[in-house]
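pasted the sequence and its predicted model underneath.
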Amino acid sequence: MSFFRPHKTKPRQFNYIPRHYDPVKEEREQRRKELHGTSSEDDMEEYVPGKYIRTQREARDAARESDSNSSSTKIRNMAIMAVMLGIFTLVIVPRFVTFFNMAREEQEANKAAEEAAMEAEKEAKEWKQKRLVIVETVDDIEEIDDKQQFMQLRDEMEAWQRSIGTITIIPDDEPIE
């Protein structure tokens, strides 16, 4: 029982066109192949029913046998790979870690050196500014005629220089030890 359909489909058919087998023609073509040299050894053998199926089965069985042999090879290869991975982990990885630690320490040392250089440059600028002040003060001292004023100024300069860690002025009239 079927339902109504607007388009009726045709039943699917197998369009087989029979071909005529001519044994004389086959024999003629076989002789031509032999004369021209295009014939192979397989063409000479007669077809045995089931030959191709048997050949495929034998090939499949041989492949399965080689797979069973290769499974032990696979296990051995996996074990070798595990050993190599262990050696790599125990030998090579610590060397990489040491290398990267050395690189990091070198970067830290370079950074510290740069900071020290910047600090030294900053101190040099400060010292240069203080030295200019000292030179100006020394010029002022030379202009002072009063000895008491000179001694007082000299003591102030020495105290200031001791506080910043610079040189000490030694007067000419005192003997050098």
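Received the coordinates, thanks. Numbering: from 1, shown residues only.

immediately after the helix or strand of the chain with the lowest mean pLDDT, which helix or strand?
Ranked by mean pLDDT, DSSP states H and E, the weakest helix or strand in the chain is helix 41-44, scoring a mean of 61. Using DSSP states H and E, the helix or strand that follows helix 41-44 towards the C-terminus is helix 51-87.

which parts of the protein are helices?
For the chain, helices defined by DSSP state H occupy the ranges 23-36, 41-44, 51-87, 93-143, 147-164.

worst mean pLDDT among the ones you listed?
The weakest mean pLDDT among the helices of the chain belongs to helix 41-44, with a mean of 61.

got TSV for the helices of the chain, with distance to His7 too?
Any C-beta I mention is one placed from the backbone N, CA and C, and that applies to glycine too. Below are those laid out as TSV (distance: least, CB to CB, whole Å):
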stretch	distance to His7
helix 23-36	46
helix 41-44	51
helix 51-87	43
helix 93-143	72
helix 147-164	109
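
out of these, the one nearest Thr9 is which?
Thr9 lies closest to helix 51-87 among the helices of the chain, at 36.8 Å (CB to CB).

re the thing from before, highest mean neighbour count out of the helices of the chain?
Mean neighbour count (mean count of other CB atoms under 10 Å) peaks for helix 147-164 among the helices of the chain, with a mean of 12.

can I get the CA coordinates of that helix in PDB?
C-alpha atoms of helix 147-164 as PDB (Å, rounded to 0.1, in the frame of the first residue of the first chain):
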ATOM      1  CA  LYS A 147      93.800  86.400  58.800                       C
ATOM      2  CA  GLN A 148      91.100  85.600  61.400                       C
ATOM      3  CA  GLN A 149      88.400  85.600  58.800                       C
ATOM      4  CA  PHE A 150      90.600  83.400  56.600                       C
ATOM      5  CA  MET A 151      91.200  80.900  59.300                       C
ATOM      6  CA  GLN A 152      87.500  80.700  60.100                       C
ATOM      7  CA  LEU A 153      86.600  80.200  56.400                       C
ATOM      8  CA  ARG A 154      89.300  77.600  56.100                       C
ATOM      9  CA  ASP A 155      87.900  75.600  59.100                       C
ATOM     10  CA  GLU A 156      84.400  75.700  57.600                       C
ATOM     11  CA  MET A 157      85.700  74.400  54.300                       C
ATOM     12  CA  GLU A 158      87.700  71.600  55.900                       C
ATOM     13  CA  ALA A 159      84.600  70.500  57.900                       C
ATOM     14  CA  TRP A 160      82.500  70.600  54.700                       C
ATOM     15  CA  GLN A 161      85.100  68.700  52.800                       C
ATOM     16  CA  ARG A 162      85.400  66.000  55.500                       C
ATOM     17  CA  SER A 163      81.600  65.600  55.400                       C
ATOM     18  CA  ILE A 164      81.600  65.000  51.600                       C
END
